[in-house]
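Prediction below, plus the sequence it came from.
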Amino acid sequence: MSQVRLLIRTFIFGAAIVCYLIVSSLVLLFCGFNFNRARPFLTQLISVTCKLGLKIFNIKVRKNFAPIDFDSNYLIVSNHLSYLDILIISSYMPTCFVTSKEMKETPFLGQLCLLGGCLFVERRSKAGIMGEVKELSDALDDGLNIVIFPEATSTNGESVIRFRRPLFQAAINSHSKVLPVCLNYRTLDGEKLTIKNRDKVFWYGDMGFLGHALALFKHKNIVAEFTIMQSLKATDYADKNELSDACYKLVSDEFEVITHAV
């Protein structure tokens with residue numbers, strides 16, 4: 001049965017990616033290949049595609065949302081465990097993701113990120129950080145939701161890594177609201193997620209994307225919990241360090257670390 005699931009999901013996934021690439025390319029064409037002009041449309045397209053992605057992977061999401069205004073835009077701050085995080089976050093609100101230039105240079109995934117209107121930062125060097133912060137500030141001023149994963153990498157679920165602070169300056173510069181969110185993956189095929197089976201869901205380190213995704217297609221379902229906390233006003237904080245630390249505490253307190261099975 002798992003092989004049948006693999007074949008069906010692989011076919012649907014492939015068809016969805018092809019459609020996504022075609023439509024996003026057309027959007028860019030009609031926007032004169034101007035990514036700033038195209039991003040509002042691309043984020044809507046990503047959101048629709050991610051909703052389909054949740055169905056392909058059969059991810060059931062338990063929502064725990066604070067009262068927020070979905071008509072406003074935010075700098076969204078999240079912990080990071082897997083590429084599945086993107087499906088969950090974007091399915092609930094159109095968003096523009098910030099990722100590394102290393103990802104941009106990755107075959108296939110880089111093309112998907114580029115056509116998705118992602119913003120790219122150079123994590124290997126701080127030389128261009130001021131320009132990157134300005135780009136994020138401009139996108140927030142334009143009314144886009146921007147998602148950052150300030151751990152700067154995906155993790156194995158044993159802790160939330162201390163947040164890197166520079167990109168929080170974008171929210172302060174643009175007088176934006178900051179929305180801390182937290183992702184917890186609960187079960188895989190009805191079994192509690194533990195150190196024993198976490199690598200089937202989490203994607204981190206030097207794991208390959210395609211092999212990991214294909215293996216995940218064989219499983220019946222995943223249950224995740226998506227928590228959206230009360231938004232913060234960036235200007236209520238003295239500087240990016242204080243804002244980053246406040247977000248880190250909220251997210252890390254909400255996160256349940258992955259442990260051995262009891």
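Everything's here; your move. The structure presented is a predicted model; accordingly, all values stated were derived computationally and were not measured. Numbering: from 1, shown residues only.

use CA for all of it now, contacts and neighbours both
Will do.

Sketch out the low-pLDDT regions of the stretch 151-262 of the chain for me.
Low-confidence segments of the stretch 151-262 of the chain (pLDDT under 70): 261-262.

all helices of it, in order?
Assigned by DSSP state H, counting those that start in this stretch, the stretch 151-262 of the chain shows helices spanning 169-173, 209-217, 240-254.

Which one, of those, ends up nearest to Phe33?
In this view, the helices of the stretch 151-262 of the chain are compared for proximity to Phe33 by Cα to Cα, and helix 169-173 is the closest at 24.9 Å.

which of the helices of the stretch 151-262 of the chain is buried the deepest?
Counting by mean count of other Cα atoms under 10 Å, helix 169-173 has the highest mean neighbour count of those, with a mean of 22.

Would you mind giving the helices of the stretch 151-262 of the chain as CSV with distance to Asn73 added?
Listed next are the helices of the stretch 151-262 of the chain as CSV, based on distance: least, Cα to Cα, whole Å:
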stretch, distance to Asn73
helix 169-173, 11
helix 209-217, 30
helix 240-254, 17
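
Of all the ones you listed, which one comes closest to Leu7?
Nearest of the helices of the stretch 151-262 of the chain (Cα to Cα): helix 209-217, 8.5 Å.

how about the CA coordinates for that closest one, as PDB?
The C-alpha trace of helix 209-217 is given here as PDB (Å, rounded to 0.1, in the frame of the first residue of the first chain):
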ATOM      1  CA  PHE A 209      15.400  16.900  -0.500                       C
ATOM      2  CA  LEU A 210      14.100  14.500  -3.200                       C
ATOM      3  CA  GLY A 211      14.900  11.300  -1.400                       C
ATOM      4  CA  HIS A 212      13.400  12.600   1.800                       C
ATOM      5  CA  ALA A 213      10.200  13.800   0.200                       C
ATOM      6  CA  LEU A 214       9.700  10.500  -1.700                       C
ATOM      7  CA  ALA A 215      10.200   8.500   1.400                       C
ATOM      8  CA  LEU A 216       7.700  10.700   3.200                       C
ATOM      9  CA  PHE A 217       5.100  10.100   0.500                       C
END
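
neighbouring contacts of stretch 90-99?
Stretch 90-99 has contacts (Cα atoms under 8 Å, 6 or more residues apart in numbering) with 39, 43-44, 46-51, 70, 89, 116-121, 144-149.
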